[in-house]
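A.B. asks: Just to be clear, the model below is a prediction. Sequence and coordinates:
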Amino acid sequence: RNYTNGAAVFGFLRIDGILRTILMGAESEQPDIVALVKPFFDQLIAPIQSVSFASGWSKEGSFLNGMLDLSENPGPAWQTVAADKQLAEYIPEGATAFSLAGANLDPGIQALLDMVDRVAAFQPEGLPMPLGQMMQMEAPELHAWILGAHRAEMQSALLGLGQRSFSYSVPTGSMGSESLSFFELDDAAALSSLMEQLLPRLRVALNDSESPVKLEMRRAKRKVTQADGSVTEVAGPAYYWMDFELPPQAAQIMGMLNVKFEPAMGIAPEGWLVMSLSRESVANVLREGMRKPDASILENKDAASFLAKLPKGASSAAWSDPRPAAAAALGMIGGMLPMVASMAGELPIPVNLNAFPAPDVFIRNMRTSESWSWVQHGERMSRSVGSMNLADLFTVVAAAVAITPPMIGIVMPMLQGMDDSASEPEDSEGGVEF
């Protein structure tokens with residue numbers, strides 16, 4: 001079912017028997033511990049029967065198939081949700097990568113919370129009280145959120161996550177990019193309240209310590225049009241970001257490449273959780289809202305064709321075009337090599353660094369990368385197609401193993417000859433004796 005035409009590499013693992021054996025062995029040694037985790041195991045892990053993959057080449061390109069075989073009734077935790085293709089209208093035309101996904105996380109989160117309650121009620125041998133009571137004595141504030149007075153708030157926030165999500169990346173400059181991820185919230189107020197209560201406390205704890213990681217907070221300023229037509233600025237939603245104290249050299253290199261690393265998050269006015277590696281990107285969304293661009297990714301023929309051929313009910317889809325980034329990187333390398341050649345002088349291997357090919361030589365045979373997942377006869381299927389996949393990796397490794405001995409045979413005598421020439425004495429006329 002997973003081994004399609006063109007497959008050159010195939011793998012299969014029957015996992016249910018292995019998991020049952022591990023569980024039975026653990027149960028004989030630590031029955032109390034197994035009793036705590038078994039309900040969680042039964043809901044999320046036990047339904048997995050086997051996993052398999054197949055990789056090779058077809059007319060589409062290099063491909064990788066995956067299949068997760070589940071039991072007949074895997075339960076609500078394994079129910080799939082179709083990705084919403086209409087969210088592509090929020091992705092700008094210039095994006096070089098995007099993804100769409102649908103998922104219902106509530107059953108898994110509830111199973112995790114139930115396991116936390118079981119662990120809290122558990123009293124290990126030798127301890128005078130259950131673990132939950134010990135937490136209340138040692139860490140009362142943490143206990144209040146996990147098990148105590150604020151448990152309902154935390155649970156509402158976690159179970160308030162929605163089912164839809166999307167993300168995209170847009171190039172900025174030669175090597176930089178702006179990436180944004182959006183997650184739908186069914187209860188945005190609950191998560192916003194949780195963040196505004198917990199994150200300031202975390203911020204104080206981090207900023208008062210000697211940690212190289214700091215947590216910062218700011219409120220986005222929103223422009224509001226009044227009844228008389230005037231525009232005023234008001235404090236909008238809060239956003240938070242991590243500030244890393246990088247070594248000066250690393251910070252300088254990241255600045256030269258226009259790469260930003262300030263993981264940030266906030267909740268947009270439309271009730272979506274927004275995350276990015278750039279705090280300015282999050283602030284812009286919180287300030288202006290989630291707006292559809294003038295031209296969306298649907299104007300890109302390759303991306304539109306990919307979305308049109310997705311199977312009905314696909315639970316995830318991802319697309320990327322590596323050619324712009326590859327062209328920028330190769331152009332930078334090609335511009336630097338003549339300088340490297342002039343500084344290096346004569347090389348031991350006859351390589352002309354000034355004759356580095358143009359980027360088009362490398363990228364003209366590259367193609368977009370596409371991946372998607374769906375349900376077929378109760379099995380979770382996935383497929384990715386692109387310029388390189390698992391079969392290509394095996395080919396590269398095999399080629400490297402095959403070519404290494406001859407290369408050593410060619411290069412080592414050349415290097416040995418250079419060492420011998422450098423160590424031989426000069427004659428009386430200043431020449432080298434051969």
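C.D. replies: Yes, it's here. Numbering: from 1, shown residues only.
A.B. asks: just for the protein, where's the confidence low?
C.D. replies: Scanning the chain for pLDDT under 70 picks out the ranges 173-176, 249-259, 341, 344-350, 391, 394, 407, 410-412, 414-434.
A.B. asks: Show me the strands in it, by range?
C.D. replies: With DSSP state E applied, the chain shows strands at 7-14, 48-58, 61-70, 97-102, 161-172, 176-185, 213-225, 231-244, 264-267, 272-276, 316-320, 369-376, 379-386, listed in chain order.
A.B. asks: Hmm, residue 266 is touching residue 240, no?
C.D. replies: Yes: at 6.9 Å, residue 266 counts as touching residue 240 under the criterion of Cβ atoms under 8 Å. C-betas here are computed from N, CA, C, even on glycine.
A.B. asks: Which one of the strands of the chain lies nearest to residue 112?
C.D. replies: strand 161-172 (12.7 Å; Cβ to Cβ).
A.B. asks: Packing partners of that closest one?
C.D. replies: In terms of contacts (3 or more Cβ pairs under 8 Å, 6 or more residues apart in numbering; DSSP states H and E), strand 161-172 is packed against strand 97-102, strand 176-185, helix 323-344.
A.B. asks: need the ones you listed in a markdown table with mean neighbour count, can you?
C.D. replies: Shown next, in a markdown table, are the helices and strands packed on strand 161-172 (neighbours: other Cβ atoms under 10 Å):
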| stretch | mean neighbour count |
| --- | --- |
| strand 97-102 | 23 |
| strand 176-185 | 20 |
| helix 323-344 | 14 |
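A.B. asks: Residue 270: which of those is closest?
C.D. replies: Across the helices and strands packed on strand 161-172, closest to residue 270 is strand 176-185 (Cβ to Cβ), at 9.2 Å.
A.B. asks: Can you lay out the helices and strands packed on strand 161-172 as JSON lines showing distance to residue 76?
C.D. replies: Output for those, formatted as JSON lines (distance: least, Cβ to Cβ, whole Å):
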{"stretch": "strand 97-102", "distance to residue 76": "15"}
{"stretch": "strand 176-185", "distance to residue 76": "19"}
{"stretch": "helix 323-344", "distance to residue 76": "40"}
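A.B. asks: what's the closest of these to residue 57?
C.D. replies: helix 323-344 (19.5 Å).
A.B. asks: thinking again about what came up before, what about the helices and strands packed on strand 161-172, which gets the closest to residue 279?
C.D. replies: Closest among those, using Cβ to Cβ: strand 176-185, at 11.5 Å.
A.B. asks: Would you mind listing the buried residues in stretch 90-97?
C.D. replies: 90-92, 94-97 (16 or more other Cβ atoms under 10 Å).
A.B. asks: ok, these vs residue 104, which is closest?
C.D. replies: Using Cβ to Cβ, those come closest to residue 104 at residue 90, 21.4 Å.
A.B. asks: Find the nearest non-adjacent residue to the closest one, please.
C.D. replies: Distance criterion Cβ to Cβ, 6 or more residues apart in numbering; nearest residue to residue 90, sequence neighbours excluded, is residue 292 at 5.6 Å.
A.B. asks: And for residue 100?
C.D. replies: Using Cβ to Cβ, 6+ apart, the nearest residue to residue 100 is residue 83, at 4.1 Å.
A.B. asks: Pretty sure the one you found sits against residue 318.
C.D. replies: No: at 9.9 Å, residue 83 does not count as touching residue 318 under the criterion of Cβ under 8 Å.
A.B. asks: Tell me, how many residues neighbour the residue nearest to residue 100?
C.D. replies: 28 (other Cβ atoms under 10 Å).
A.B. asks: returning to what we had before: comparing residue 266 and residue 240, which shows the higher neighbour count?
C.D. replies: Legend: neighbour count by other Cβ under 10 Å for residue 266 and residue 240, higher for residue 266 (26 against 20).
A.B. asks: Return the distance of that one relative to residue 188.
C.D. replies: Going from residue 266 to residue 188 by Cβ to Cβ, to the nearest Å gives 11 Å.
A.B. asks: With residue 89 instead?
C.D. replies: 21 Å.
A.B. asks: Between these two, which is the more surrounded one?
C.D. replies: residue 188 (20 against 11).
A.B. asks: which residues does the more buried one contact?
C.D. replies: 160, 267, 271-273 (Cβ atoms under 8 Å, 6 or more residues apart in numbering).
A.B. asks: ditto for residue 285
C.D. replies: 180, 266, 268, 274.
A.B. asks: how near is it to residue 264?
C.D. replies: 10 Å.
A.B. asks: Then residue 240?
C.D. replies: From residue 240 to residue 264 the distance is 7 Å (Cβ to Cβ).
A.B. asks: joint contacts of those two?
C.D. replies: Common neighbours of residue 240 and residue 264 (Cβ under 8 Å, 6+ apart) do not exist.
A.B. asks: what touches both of residue 266 and residue 188?
C.D. replies: residue 273.
A.B. asks: So for residue 83 and residue 318, which residues contact both of them?
C.D. replies: With Cβ under 8 Å, 6+ apart, residue 83 and residue 318 have common neighbours residue 100.
A.B. asks: Quickly note the distance from residue 228 to residue 217.
C.D. replies: For residue 228, the distance to residue 217 - Cβ to Cβ - is 33 Å.
A.B. asks: Which one's more surrounded, these two?
C.D. replies: residue 217 (15 against 5).
A.B. asks: my read: the more buried one touches residue 199, true?
C.D. replies: Yes: Residue 217 sits in contact with residue 199 when judged by Cβ under 8 Å, with a separation of 6.8 Å.
A.B. asks: neighbours around the nearest residue to residue 330 once chain neighbours are set aside, how many?
C.D. replies: In space, and not counting its chain neighbours, residue 330 is closest to residue 359: 4.0 Å by Cβ to Cβ, 6+ apart. Residues contacting residue 359 under the criterion other Cβ under 10 Å number 18.
A.B. asks: again with residue 16
C.D. replies: Neighbour tally, residue 16, other Cβ under 10 Å: 16.
A.B. asks: ok, now how distant is it from residue 70?
C.D. replies: For residue 16, the distance to residue 70 - Cβ to Cβ - is 10 Å.
A.B. asks: Give me the common contacts of these two.
C.D. replies: 48-49.
A.B. asks: circling back: among the contacts of residue 188, list the two that are farthest apart in space.
C.D. replies: 160 and 272 (12.1 Å).
A.B. asks: quick one, which of these two is more surrounded?
C.D. replies: The residue with more neighbours, out of residue 160 and residue 272, is residue 272; 22 against 19, by other Cβ under 10 Å.
A.B. asks: mind listing what the nearest residue to that one once chain neighbours are set aside touches?
C.D. replies: Spatial nearest neighbour of residue 272, excluding adjacent residues (Cβ to Cβ, 6+ apart): residue 182 at 4.8 Å. Residue 182 sits next to 87, 90, 165-167, 268, 272-274, 290 when contact means Cβ under 8 Å, 6+ apart.
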